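Enquirer: Coordinates for the following, if possible.
(one chain, ligands or ions: 1)
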Amino acid sequence: MQSGNYLVGDPLSLERIRSVLTRLEDTIIFGLIERAQYAHNPRMYQPGAFKELQEHGFPGSWLDWFLKETEAFHAKARRYTSPDETPFTENLPEPVLPPLKFPEILFPNTINANPSILAFYVCHIIPRITSQATRTLAASKRAQGILGSAEFEDDGNYGSAATLDVEVLQAVSKRVHYGKFVSESKFLEKPSAFIPHILKPNRKALEDLITKPEVEKRLLERLAKKAATYSQSLDASGTGKIDISGVVDLYESYIIPLTKEVEVEYLLHRLDGLSEDDIQRLANEGSP
Ligand SMILES: O=C(O)C(=O)C[C@]1(C(=O)O)C=C[C@@H](O)C=C1
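Expert: The predicted model follows:
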């Protein structure tokens, strides 16, 4: 897998976790650059827009269908038995192989941010990153004397575009849900700092504890550099193929805030079902 082997190394070292997040940046940026070659193709995201799918008994959108089919196949190869993978769809088939034994690193939880990821991707990211491809298509259609804005938005490459959408969504999902590992690592570093705000739930205090402004600042700077570099090296014309501020905004407005939401949500449930003695023991662990 492109983003590291979950079974290798200390899974709770913050350094290791951040290196996984950094590698996922590359996967996400490359995926977006590839997706931006194609037009927006809005009908891919509208439930019922393809009568062919409805005829096959599938009521969702073209993208929903791609997610369902891709995840069904990956589930059989036991992708979703791994604690760092979260599917977008439900009722997936059982793996054909016996389960792998994963070390129990995370506190049991049911956090799933995928509905929010899918919504912001479809409503904000896709229209923004494809606007350049749409403009190019519009110019070429205009040169051929074809007018009408619907034409500009749709290049008919539904299979290629949806394949890339699924890849980007899976990478973003993995990245955001890695917030659980970040939280576990930070919690175990100093349980006594978190426990009072979990027992008397205080989201703001927990968010302040997990927030590292200097890490976020470095990340956004690195991201702008990477997007500019990769975009140029992939584009023969040298004009750059992706809206760089769009990539930075994706992280600043959606990916980082959602990762933090996952971190806080995870912490709020970190003591569920533990006895007072267990909690006391945890609280004493981080103390001198
Ligand atoms: O690296 C961390 O400590 C994280 O919690 C991850 C992350 C991020 O999403 O990149 C989120 C919150 C922090 O403010 C910094 C970075």
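
Enquirer: residues of stretch 34-53 that come out buried?
Expert: Residues of stretch 34-53 classed as buried by neighbour count (16 or more other C-beta atoms under 10 Å): Glu34, Arg35, Ala36, Gln37, Tyr38, Ala39, His40, Asn41, Met44, Tyr45, Phe50, Leu53. For glycine as for every other residue, the C-beta is placed from the backbone atoms N, C-alpha and C.

Enquirer: who's in contact with the closest residue to Val96 other than its chain neighbours?
Expert: Closest residue in space to Val96, ignoring its immediate chain neighbours: Lys76 at 5.0 Å, by C-beta to C-beta, 6 or more residues apart in numbering. If you count contacts by C-beta atoms under 8 Å, 6 or more residues apart in numbering, Lys76 has them with Pro93, Glu94, Pro95, Val96.

Enquirer: got the phi/psi numbers for Lys76?
Expert: phi -60, psi -30 (degrees, to the nearest 10).

Enquirer: What residue in the stretch 51-200 of the chain comes nearest to the ligand?
Expert: Relative to the ligand, the nearest point of the stretch 51-200 of the chain is Val182 (4.4 Å; C-beta to the nearest ligand atom).

Enquirer: Next up, the contacts around that residue.
Expert: Leu14, Ile17, Ile210, Thr259, Glu263.

Enquirer: Check which helix or strand it maps to.
Expert: According to DSSP states H and E, Val182 maps onto helix 179-189.

Enquirer: now that helix: mean pLDDT?
Expert: Helix 179-189 shows a mean pLDDT of 97.

Enquirer: low pLDDT regions in the stretch 101-250 of the chain?
Expert: 133-137, 141, 146-151, 233-240 (pLDDT under 70).

Enquirer: where exactly do the helices run in it?
Expert: 114-120, 126-129, 131-143, 149-153, 158-177, 179-189, 191-199, 203-210, 213-234, 244-249 (DSSP state H, counting those that start in this stretch).

Enquirer: Of those, which is nearest Lys68?
Expert: Among those, the nearest to Lys68 by C-beta to C-beta is helix 158-177 (10.2 Å).

Enquirer: and for stretch 46-62, what are the contacting residues?
Expert: Residues contacting stretch 46-62 (C-beta under 8 Å, 6+ apart): Arg43, Met44, Tyr45, Asp64, Trp65, Lys68, Tyr158, Ala162.

Enquirer: Once you drop chain neighbours, what's closest to the third one?
Expert: Pointing back at Tyr45 there. Tyr45 sits nearest to Val122 (C-beta to C-beta, 6+ apart), 4.8 Å away.

Enquirer: what do you get for the fourth one?
Expert: Of all residues beyond its chain neighbours, the one nearest Asp64 is Pro47 (7.0 Å), with distances taken as C-beta to C-beta, 6+ apart.

Enquirer: The one you found in helix, strand or coil?
Expert: coil (DSSP: H, G, I helix; E, B strand; the rest coil).

Enquirer: rewinding a little: of the contacts of stretch 46-62, which pair is most distant in space?
Expert: So, these by C-beta to C-beta: farthest apart are Arg43 and Lys68, at 17.4 Å.

Enquirer: Need the distance between the two termini of stretch 189-206.
Expert: 14 Å (C-alpha to C-alpha, to the nearest Å).

Enquirer: Flag every buried residue along that stretch.
Expert: Within stretch 189-206, the residues scored as buried using 16+ other C-beta under 10 Å are Pro191, Phe194, Ile195, His197, Ile198, Leu206.

Enquirer: ok, so of those, who is nearest Pro108?
Expert: Ile198 (15.2 Å).

Enquirer: dump the residue contacts of the closest one.
Expert: Applying C-beta under 8 Å, 6+ apart, the residues near Ile198 are Leu206, Leu267, Leu268, Arg270, Leu271.

Enquirer: Which residues of the stretch 101-250 of the chain lie near the ligand?
Expert: Proximity of the stretch 101-250 of the chain to the ligand, by C-beta under 6 Å from any ligand atom, involves residues Val182, Ile210, Thr211, Lys212, Val215, Glu216, Leu219.

Enquirer: rerun that using 5 Å as the cut-off
Expert: Residues of the stretch 101-250 of the chain lying close to the ligand (C-beta under 5 Å from any ligand atom) are Val182, Thr211, Lys212, Val215, Glu216.
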